[in-house]
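Q: Any chance you could fold what I've pasted below:
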Amino acid sequence: MSLTLDKKPHSSYIRSASRKKRMRIPKTEYRDGQLVGFQFDESTEVNAVKFLQEIPGYDPFEQAEGYYFDIDEWNKVIAFILNECIYPEGSLTGKPFIPERWQSCIYANLFCWKSEKTNLRRFRECFIYVPRKNGKTTAFGAIITLIMFFTDKEQRSQNFCCAADTDQALVNFRHCQYILENNPRMLSRLRDQRVFRSQKSFEHVNGNMFKTLSSIADTKHGLSPNFVYVDEVHAHSNSELIDVMKTGTASRRQPLIVYTTTADYDKPSVCNSLHKKAKDIAKGIQWQPTFFPVIYEAEVTDDFESPAVWRKSNPNYGMSITEEYFSDMVASVKHNPAELNRFLRLHLNIRTKTETAWIPPHVWANGNPDPNEIRLLSTVQIMEWMSDHPNWHSIAADSRFGQSTSIDVKIASQQLYWSWYIKHVEMLADEECYGGFDNSKVEDIASFSLWFPSYGIILTWNWCPAESIHRRAQEQGIPYDTWYESGLLNSTSPKDTVDEQLIIDCLIGTKDNTYPGILSHFRGCREICFDRFGSTHIYHTLRDYGYAARAYPQNFTGMNEPCRRLEAMCIDKQIAHGGNPFLEWMVSNVMVVQDRDGKVRPDKYHSTNKIDGVVATLTAIGSWLYPENETISEIRGMK
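A: Now for the predicted structure:
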């Protein structure tokens, strides 16, 4: 017997005095990237329900119980915008501001949803995540500021623009200033009929005020904001100012905080926290009907050269942003990693680890498995396989393994990777391969990679002290604990240093031969190469057991060709790594340095975080490229 839940039809949320379910929006007309006219008459009426659902990935009706949409309020909002607001910059400076369809959709949702009980606005926070050149500062900074300042019913309201620095905050102020000083009706309602430029503020004769603020949060306690515009959230180093302003809205009846930003780097930050919250609300994972998420972005796996991807992430594409602009941009960045990363972050809203990444995420993703070519194993099958190899995957020896639901869920989240990995572990047991080991510091990550040149396959294992796993997850916001519980990261000991004997047991097998080691399983391994420093005990142990092991140079001469080869294979889709998210994270951290002869190597010092798994992989590839019988002077590039 199935339970059917009654649900109100979407149209029942739409209200107007005329009982119409349709609303008028401006319709713009462009020619060669220039606005040449617009319509706003009966022919521009749209179905209200369908129009409000045009926010990417978010349906405002899903959490709308207890709220309604007021078409009559929309008529007031759009009338104010069209009659009072002008463009403050660009080729249209001084002409009436005409919102695009996507901007109208945001205005309508933001201002016209109301509470059934109080008739106050539904949305208290709005996160607008849009790439550069889409006009967000004018449309959602200056225009919304003026709507709140002149039309909101809160008495003696306090309105603020907050940015990471004064210069950024002044951008919104200058836009507001230009619109005010060129509109006699607005100007006549200001105290002294003027904008106070030196104080970066203006006041209404009824007591409403607006002011720009810097990011020094400790001077802002005691304020009671009704409206706060937070520009370029990614530039805020912490959440102090936002927290102060948000807590200050408690005494207001219908406060509003609008956050606008382009993508931040992929790191713990206030911007990325808001982005995650917005995504969770849009997907229904988090319930907060008063938070309005607006996210325009491309995915890491999207083709950055595709016009469809440009259009998806840039709502003003084809209007203020032309296809020619993007074509020229892509042509100039596609072979330049530094410029490409900026393009991905600023124009497609794809978070990148660094300004100048080595292998961009979309290129590394070429090595992910094709779901149609892998027979997926069940979570039970994956966990049974891990149980047979507990020294390879230490989560299998954890007392919670098989009992904790969270571990089941996290392993299941990597179902495709584990299905790919287990298949190839069995398939490659007798194939030629080369190993690389990196052990940077006693409290850091140790990594071992196997490179199978005939198949272009990388298999990798990583270890980290248990205490470091917990500490890094808590302090750095990096999901070490999730990686451990999903089996991707091994714990070497309950201490805060790497237990090298446990790694030896994993590589060679346990002393009682209960569990085989990685190297005894992969019988085709020709050699294991090590960094000259930090792995002496493991190196000598493997030599004593009869394995071919040697030191490998980590300098430009030793690393240049492996770097070039790995990068080329990723671009040409000749590499397979299974989509291991822990290795993917380390790849995204890598920065390379170049010597005067153009040779490159990974730079551990300047890379944004751990890269040990990448160094181990490059060392394994170097072992294959330069066999043991070659001396260091015979490595290509050595003068």
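
Q: can you map out the helices along the stretch 1-150 of the chain?
A: 48-52, 71-84, 101-112, 136-137, 143-151 (DSSP state H, counting those that start in this stretch).

Q: Report all helices and strands that the first one contacts.
A: The one in question is helix 48-52. Applying 3 or more C-beta pairs under 8 Å, 6 or more residues apart in numbering; DSSP states H and E, one finds that helix 48-52 makes contact with strand 22-24, helix 101-112. In this view, the C-beta of every residue, glycine as well, is placed from N, C-alpha and C.

Q: Same check on the last one?
A: With contacts defined as 3+ C-beta pairs under 8 Å, 6+ apart, the packing partners of helix 143-151 are helix 71-84, helix 101-112, strand 158-162, helix 166-181, strand 227-231, strand 256-261.

Q: buried set for stretch 70-80?
A: 70-71, 73-74, 77-78, 80 (16 or more other C-beta atoms under 10 Å).

Q: and the closest residue to residue 66 other than its chain neighbours, how many neighbours?
A: Distance criterion C-beta to C-beta, 6 or more residues apart in numbering; nearest residue to residue 66, sequence neighbours excluded, is residue 116 at 5.3 Å. Residues within reach of residue 116, counting by other C-beta atoms under 10 Å, total 11.

Q: Double-check residue 437 against residue 460; I have them as touching.
A: No. Taking C-beta atoms under 8 Å as the definition, residue 437 is not a contact partner of residue 460, at 10.9 Å.

Q: For stretch 312-321, what is the distance to the chain centroid?
A: 20 Å (C-alpha atoms, centre = their mean, to the nearest Å).

Q: do stretch 323-337 as well
A: That offset, for stretch 323-337, works out to 22 Å (C-alpha atoms, centre = their mean).

Q: same question for that stretch, mean pLDDT?
A: Mean pLDDT, computed over stretch 323-337, is 83.

Q: mind listing what's buried in it?
A: Buried residues in stretch 323-337 (16+ other C-beta under 10 Å): 325-326, 329-330, 333, 337.

Q: Tell me which of those fall in helices.
A: The helices, defined by DSSP state H, take in 325-326, 329-330, 333, 337 from those.

Q: okay if I get the residues you listed as TSV plus distance to residue 259?
A: Below are these laid out as TSV (distance: C-beta to C-beta, whole Å):
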residue	distance to residue 259
325	26
326	26
329	26
330	29
333	28
337	30
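
Q: So which of the residues you listed is the closest to residue 138?
A: Nearest to residue 138 among these is residue 325, at 18.4 Å by C-beta to C-beta.

Q: what sits against that closest one?
A: Taking C-beta atoms under 8 Å, 6 or more residues apart in numbering as the criterion, residue 325 is in contact with residue 133.

Q: now it: how far from residue 307?
A: Counting by C-beta to C-beta, to the nearest Å, the separation of residue 325 from residue 307 is 11 Å.

Q: can you check residue 115 too?
A: Counting by C-beta to C-beta, the gap from residue 115 to residue 307 is 42 Å.

Q: ok, now residue 365?
A: 20 Å.

Q: same deal with residue 568?
A: 27 Å.

Q: In terms of neighbours, single out the busier of the two.
A: Per other C-beta under 10 Å, whichever of residue 568 and residue 307 has more neighbours is residue 307, with 14 against 11.

Q: Not counting sequence-adjacent ones, nearest residue to the more buried one?
A: residue 323 is the one closest to residue 307 (C-beta to C-beta, 6+ apart), at 6.0 Å.

Q: I'd guessed that neighbour sits against residue 310; true?
A: Yes. Using C-beta under 8 Å, residue 323 is in contact with residue 310, at 7.4 Å.

Q: Now do the shared contacts for these two.
A: residue 317.

Q: quick one: terminal-to-terminal distance for stretch 174-189?
A: Terminal residues of stretch 174-189 are spaced 18 Å apart (C-alpha to C-alpha, to the nearest Å).

Q: mean confidence for it?
A: On average, stretch 174-189 scores 95.

Q: Please apply the same query to stretch 460-479.
A: Stretch 460-479 comes out at a mean pLDDT of 82.

Q: give me the low-pLDDT residue ranges for the protein?
A: 1-7, 215-222, 336-338, 353-357, 440-443, 493-498, 534, 595-598, 605-608, 628-639 (pLDDT under 70).

Q: Pull out the buried residues from stretch 159-174.
A: So, applying 16+ other C-beta under 10 Å, buried residues of stretch 159-174: 159-164, 168-169, 171-174.

Q: Show me which of these is closest to residue 544.
A: The closest of these, once distances to residue 544 are taken by C-beta to C-beta, is residue 164, at 56.9 Å.

Q: Double-check that the closest one belongs to a helix.
A: No. Checked against DSSP: H, G, I helix; E, B strand; the rest coil, residue 164 lies outside a helix; its state is coil.

Q: Now do the contacts for it.
A: 215, 232, 235-237.

Q: Give the helix, strand or coil label for the spatially most central residue of the chain.
A: Residue closest to the average C-alpha location in the chain (C-alpha atoms, centre = their mean): residue 351, at 4.2 Å. When classified by three-state DSSP, residue 351 comes out as coil.

Q: for the nearest residue to residue 258 once chain neighbours are set aside, what are its contacts?
A: Excluding its sequence neighbours, the residue lying closest to residue 258 (C-beta to C-beta, 6+ apart) is residue 126, at 4.8 Å. By C-beta under 8 Å, 6+ apart, the residues touching residue 126 are 106, 110, 256-259, 291-292, 294.

Q: Check residue 364 too.
A: Contacts for residue 364 (C-beta under 8 Å, 6+ apart) come out as 570, 577, 584, 587-588.

Q: Now for the nearest residue to residue 17 once chain neighbours are set aside: which residues touch it?
A: Excluding the flanking residues, the one nearest residue 17 by C-beta to C-beta, 6+ apart is residue 72, at 5.6 Å. By C-beta under 8 Å, 6+ apart, residue 72 lies in contact with 15-17.

Q: again, 10 Å this time
A: Contacts for residue 72 (C-beta atoms under 10 Å, 6 or more residues apart in numbering) come out as 15-18, 23, 112.

Q: just residue 150 next, same as before
A: Contacts of residue 150 (C-beta under 10 Å, 6+ apart): 80, 84, 180, 185-186, 189, 204, 206, 208.

Q: Return a selection command, for use in ChimeraX, containing the buried ones of the residues you listed.
A: Applying 16+ other C-beta under 10 Å to these, the buried members can be selected in ChimeraX as follows:
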select :80,84,180,186,189,204,208
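
Q: nearest to residue 388, of the contacts of residue 150?
A: residue 80 (68.7 Å).

Q: Spell out the residue ranges of the helices in the stretch 201-350 of the chain.
A: 240-248, 270-283, 307-313, 323-333, 337-347.

Q: Can you pull out the residues in contact with the third one?
A: Right, the one you point to is helix 307-313. 56, 129-131, 134, 263, 295-299, 302-304, 306, 317-318, 321, 323, 325-327, 329-330, 344, 347-350, 362.

Q: let's see it at 7 Å
A: With contacts defined as C-beta atoms under 7 Å, 6 or more residues apart in numbering, helix 307-313 is touched by 131, 296-298, 302-303, 317, 323, 326, 348-349.
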